[in-house]
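[1] Fold the following and give me the result.
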Amino acid sequence: MASESPGLEAEVAESSTTKSRPPPSQGTPAKRDAFAELLAPKPKHPKQDRDGPSSLDSSTAKGKKRAVLGPRDGLGAYIARPDAYPANVVIYHNDDFVAVQDAFPKSTLHLLLLPRDATKTHLHPFDALADPAFLAKVKAETFKLRTLAAAELRRKYGRFSAQDKARQDALSADPPPDTLPPGRNWEREIMCGVHACPSMNHLHIHVMSVDRYSERLKHRKHYNSFSTPFFVDIEDFPLADDDVRRHPGREGYLKWDYVCWRCGRNFGNRFAALKTHLEEEFDEWKRL
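    Take a look at the predicted model:
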């Protein structure tokens, strides 16, 4: 589970078991550009769907019986032995969580947060996140990772952004000012949540940029899984018992028309047209 992904702007409180990588200071990118390494293509892992067979990246698993430790169990290795992976795969880890890059990124920045609690990691997210104490812990760690992701978006796209111009100019000044302009709020450009039918067996929370611009986004299920109520924001938990998102198959979210996440334009079932449009939207979005 990993692929292109992010950078850092706020310190991450890592335990003594955490990989020895110095956290960035507040308001500045990390000295070691770990997220530049994270942008290299990584190995692929198929995915699953709670409503039935794998729904997102399962082409290699079709027609085969699920192995005891099959492709959908691929996240387990990162949870069990995060220290066995380089920094361009496992971003950080501590006693409770592992943060990795998604192997099939559906946006220009796509991370996964993996809880390590053995009593929760094999539960469906709707069940695991019904525990108030566990939910509070997951939300706190998700927001830490979101801050890192936002810093990476600024590193990647700040020089293009009109809202970030004053900040970029200040950073280039000699000497730079004591206080930097706040610039664009990149945290608003990060979405954090889970799928109503997770594509891997281990509990994971997606932390990703909103752009949905990636060569890995290849068909309707890929796009709609992140652009309809099939994607449940972490802030919406705990879910009410009668929340319709508990029944994604009945609601048919993955079969909805393609609707642009940014402008709302409906492309029906024209995926090629949507992809062209997403590229245009991405270029405009990063320049805001």
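[2] average pLDDT for stretch 276-288?
    In this model, stretch 276-288 has an average pLDDT of 98.
[3] Secondary structure element for the residue nearest to the spatial centre of the chain, which one?
    Nearest to the geometric centre of the chain sits residue 207, at 2.8 Å (Cα atoms, centre = their mean). Residue 207 belongs to strand 205-209 when assigned by DSSP states H and E.
[4] Dump that strand to PDB, restricted to CA.
    Only the C-alpha atoms of strand 205-209 are listed here, as PDB (Å, rounded to 0.1, in the frame of the first residue of the first chain):
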ATOM      1  CA  ILE A 205      -8.100   6.300   6.800                       C
ATOM      2  CA  HIS A 206      -7.400   8.200   3.600                       C
ATOM      3  CA  VAL A 207      -5.700  11.500   3.900                       C
ATOM      4  CA  MET A 208      -5.500  13.100   0.400                       C
ATOM      5  CA  SER A 209      -5.600  16.200  -1.700                       C
END
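[5] Would you mind measuring from residue 179 to residue 170?
    Computed as Cβ to Cβ, to the nearest Å, the residue 179 to residue 170 distance reads 9 Å. Placement of C-beta: from N, CA and C, glycine included.
[6] okay, these two: which has more neighbours?
    residue 170 (14 against 8; other Cβ atoms under 10 Å).
[7] Please tell me how far that one sits from residue 226.
    34 Å.
[8] now swap in residue 95 and tell me
    In terms of Cβ to Cβ, residue 95 sits 30 Å off from residue 226.
[9] Which residue of those two possesses the greater neighbour count?
    Neighbour count, other Cβ under 10 Å: between residue 95 and residue 226, residue 226 has more, with 22 against 11.
[10] Give me the three-state assignment for that one.
    helix (DSSP: H, G, I helix; E, B strand; the rest coil).
[11] Spatially, what comes nearest to it if we skip its sequence neighbours?
    With Cβ to Cβ, 6 or more residues apart in numbering as the criterion, residue 226 has its nearest non-adjacent residue at 5.5 Å, and that residue is residue 106.
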